[in-house]
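In: pasting the sequence and the predicted model now:
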Amino acid sequence: VNISYPGSPPLTLRPRFSMSDHTAKPPFNPVNVIIFAGFPIAAMVLVPLWGMYRGYDGFQWLWALAFLYLNGLSITGGYHRLWAHKAYRASPALKWFFAFWGAGALQNSILVWASDHRRHHRHVDDDNLDPYSASRGLWFSHMGWMLRRYRTNEEDFTNARDLERDPVVLWQHRHYVALTTFMNLGLPLLLGIWHGDIIGTLLLVGLLRLVVNHHVTFFINSLAHYWGSRPYTESNSARDNGFLAFLTYGEGYHNYHHIFQADYRNGIRWWQWDPTKWMIALCERVGLANDLNRVPDFKIQRAILDTQFERARSSMEEAECSATLRANLEREYQLFTEAINQWKVLQAERYERKKTELGEALEERREKLGGALEKKKLRLQAKWESAALRTKLKELEYGLKMQRKRLGLLMQQVQLQAQAAAA
């Protein structure tokens with residue numbers, strides 16, 4: 001989200017200061033200070049004043065909400081899941097839509113945003129390499145990192161060569177300043193002229209909407225690394241938080257996202273609030289998106305169990321549990337390891353079968369129509385074998401779910417033993 005305004009040399013900032021130097025902070029970035037400190041102050045003063053003087057109507061509030069969601073979903077569905085993580089493929093029409101409305105969010109160009117975000121994932125919680133490391137504090141990860149000229153804010157697109165080959169990304173990057181000005185000032189101005197209240201529409205649809213959109217996005221970098229649960233991994237500070245997911249268009253399931261960043265979903269359960277996921281799925285249905293990446297359920301169960309085993313071992317060491325409980329835990333871990341090995345074997349078998357099926361399909365095209373009955377028998381046999389393989393994989397997934405329940409019961413026994421020892 002580093003605002004440096006690509007394509008406009010006077011506004012492009014090249015920091016010369018180390019982020020690790022905590023005693024001598026680099027100087028402020030004046031452009032970013034105006035945007036991220038000045039705009040919120042202006043909104044807090046001007047929006048209520050105009051509301052008391054003239055008031056706002058439903059037209060303006062509805063358009064402000066529409067702009068908010070169009071900007072937000074273009075960041076989460078476009079900048080984030082499409083370009084930063086390649087979680088799916090989009091048609092040119094959808095890319096242009098995201099490029100325009102994403103520019104309206106005033107969070108920099110796709111190229112800069114996605115490059116920064118890839119560095120964040122690669123070096124998460126590293127004070128010297130993560131642009132918005134949560135370990136440097138809530139304020140810093142929320143917006144403090146943008147207010148000063150830190151070295152890690154310097155543009156470096158070596159991790160985004162694929163994006164530099166995307167014509168939509170390059171066009172938006174070159175024309176970003178003009179594009180974001182039009183989306184944030186020009187469009188609200190046109191709406192205000194049409195509606196007959198230019199100032200009110202500019203304040204609500206332009207200013208207030210922009211400030212809200214900024215801080216909703218910043219919650220993902222800050223609060224989503226401090227508040228919530230870590231069911232999938234404890235190797236980083238990212239958390240899952242349903243309330244933040246509601247505010248951030250589904251991005252609040254951040255612990256899942258940090259371990260499975262290429263999944264087009266953040267909320268993987270049907271009931272988890274993730275409008276970005278639903279938007280991408282809808283785009284697939286109407287032909288605007290394809291190749292949606294979905295992490296297999298077995299891998300998800302494996303990540304959950306890995307984390308639970310780590311916690312169980314730590315809890316047993318602290319509680320000085322009996323040898324019986326320790327033996328039960330090790331037996332469960334052995335079963336877990338065996339299930340993973342079986343899954344790897346089945347996946348390899350599945351891969352080989354896909355290669356064979358592809359080869360047979362190509363061979364069929366070369367042959368004539370003779371032997372149609374024999375070919376049909378072979379296809380039916382291949383379908384049966386493929387179905388049997390899928391059944392085995394489903395059985396393994398179910399086995400891991402049952403193991404999660406047994407591990408939960410084991411942890412209850414550990415807690416009871418710890419309570420008895422304390423009493």
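Out: All right, it came through fine.
In: what about the helices in the stretch 201-350 of the chain?
Out: 209-221, 242-247, 254-259, 275-285, 297-319, 323-366 (DSSP state H, counting those that start in this stretch).
In: most packed of those helices?
Out: For the helices of the stretch 201-350 of the chain, the largest average neighbour count (mean count of other CB atoms under 10 Å) is found in helix 254-259, namely a mean of 24. In short, each C-beta sits where N, CA and C put it, glycine included.
In: which other residues reach that one?
Out: 121, 124, 220, 224-225, 228-233, 235-236, 238-241, 244, 251, 263, 266-268, 300, 303 (CB atoms under 8 Å, 6 or more residues apart in numbering).
In: quick one: closest of the helices of the stretch 201-350 of the chain to Leu82.
Out: Leu82 lies closest to helix 275-285 among these, at 8.3 Å (CB to CB).
In: in the chain, which spans are strands?
Out: Taking DSSP state E, the strands of the chain run over residues 89-90, 289-290.
In: packing partners for the last one?
Out: Put plainly, it is strand 289-290. The helices and strands touching strand 289-290, judged by 3 or more CB pairs under 8 Å, 6 or more residues apart in numbering; DSSP states H and E, are strand 89-90, helix 275-285.
In: buried subset of the contacts of helix 254-259 as a ChimeraX selection?
Out: The following ChimeraX line selects those of those that are buried, judged by 16 or more other CB atoms under 10 Å:
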select :121,124,220,224,225,228,230,231,232,233,236,238,239,240,241,244,251,263,266,267,268,300,303
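In: got a markdown table for the helices and strands packed on strand 289-290, with distance to Leu416 and mean pLDDT too?
Out: Below are the helices and strands packed on strand 289-290 laid out as a markdown table (distance: least, CB to CB, whole Å; pLDDT from 0 to 100):
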| stretch | distance to Leu416 | mean pLDDT |
| --- | --- | --- |
| strand 89-90 | 51 | 98 |
| helix 275-285 | 39 | 97 |
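In: of all the ones you listed, which lies closest to Leu407?
Out: Of the helices and strands packed on strand 289-290, nearest to Leu407 by CB to CB is helix 275-285, at 28.4 Å.
In: tell me how far the closest one is from the chain's mean position?
Out: In terms of CA atoms, centre = their mean, to the nearest Å, the centre of helix 275-285 is set 14 Å apart from its chain centre.
In: what's next to it, contact-wise?
Out: Helix 275-285 is contacted from outside by 69, 73, 76-77, 80-81, 87-88, 90, 94, 249-251, 264-267, 289-290, 292, using CB under 8 Å, 6+ apart.
In: how about stretch 78-91, which residues are buried there?
Out: Counting neighbours by 16+ other CB under 10 Å, the buried set in stretch 78-91 is Gly78, Tyr79, His80, Arg81, Leu82, Trp83, Ala84, His85, Lys86, Ala87, Tyr88, Ala90.
In: how near is the third one to Gly72?
Out: This means His80. Distance from His80 to Gly72, counting by CB to CB, to the nearest Å: 10 Å.
In: the fourth one too?
Out: Counting by CB to CB, the separation of Arg81 from Gly72 is 13 Å.
In: need the helices for the stretch 1-150 of the chain, in chain order.
Out: 30-33, 39-53, 58-73, 92-103, 110-122, 138-139, 145-147.
In: so for the first one, mean pLDDT?
Out: Confidence for helix 30-33, expressed as mean pLDDT, is 95.
In: chain center to it: distance?
Out: Taking the mean of its C-alpha atoms, helix 30-33 sits 27 Å from the chain's own mean (CA atoms, centre = their mean).
In: packing partners for that helix?
Out: Against helix 30-33 (3+ CB pairs under 8 Å, 6+ apart) you get helix 145-147.
In: tell me the buried residues in the helix it packs on?
Out: Trp145, Met146, Leu147.
In: again, but for stretch 29-42
Out: Asn29, Val31, Asn32, Ile35, Phe36, Phe39, Pro40.
In: and which of those residues is nearest Arg390?
Out: Closest to Arg390, out of all of the buried residues of stretch 29-42 and judged by CB to CB, is Phe36, at 50.5 Å.
In: OK, contacts around the closest one?
Out: Ile3, Met143, Met146, Leu147, His214.
In: end-to-end on stretch 268-287?
Out: Using CA to CA, to the nearest Å, the span of stretch 268-287 from its first residue to its last is 22 Å.
In: gap between that stretch and the chain center?
Out: The answer for stretch 268-287 is 13 Å, by CA atoms, centre = their mean.
In: again with stretch 289-309
Out: 15 Å.
In: likewise stretch 83-90?
Out: Using CA atoms, centre = their mean, the offset of stretch 83-90 from its chain centre is 11 Å.
In: ok, now stretch 247-265?
Out: 4 Å.
In: using a markdown table, please lay out the helices of the stretch 201-350 of the chain together with distance to Asn128.
Out: Formatted as a markdown table, the helices of the stretch 201-350 of the chain follow (distance: least, CB to CB, whole Å):
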| stretch | distance to Asn128 |
| --- | --- |
| helix 209-221 | 17 |
| helix 242-247 | 27 |
| helix 254-259 | 19 |
| helix 275-285 | 31 |
| helix 297-319 | 27 |
| helix 323-366 | 35 |
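In: please name whichever of those helices is nearest to Ala24.
Out: Of the helices of the stretch 201-350 of the chain, nearest to Ala24 by CB to CB is helix 209-221, at 24.1 Å.
In: give the bridge partners for Phe28, please.
Out: Counting by DSSP bridges, Phe28 is bridged to Arg148.
In: that one: what's it in contact with?
Out: Residues in contact with Phe28 (CB under 8 Å, 6+ apart) are Leu147, Arg148, Arg149.
In: so how far is Ser315 from it?
Out: For Phe28 relative to Ser315 (CB to CB), the value is 46 Å.
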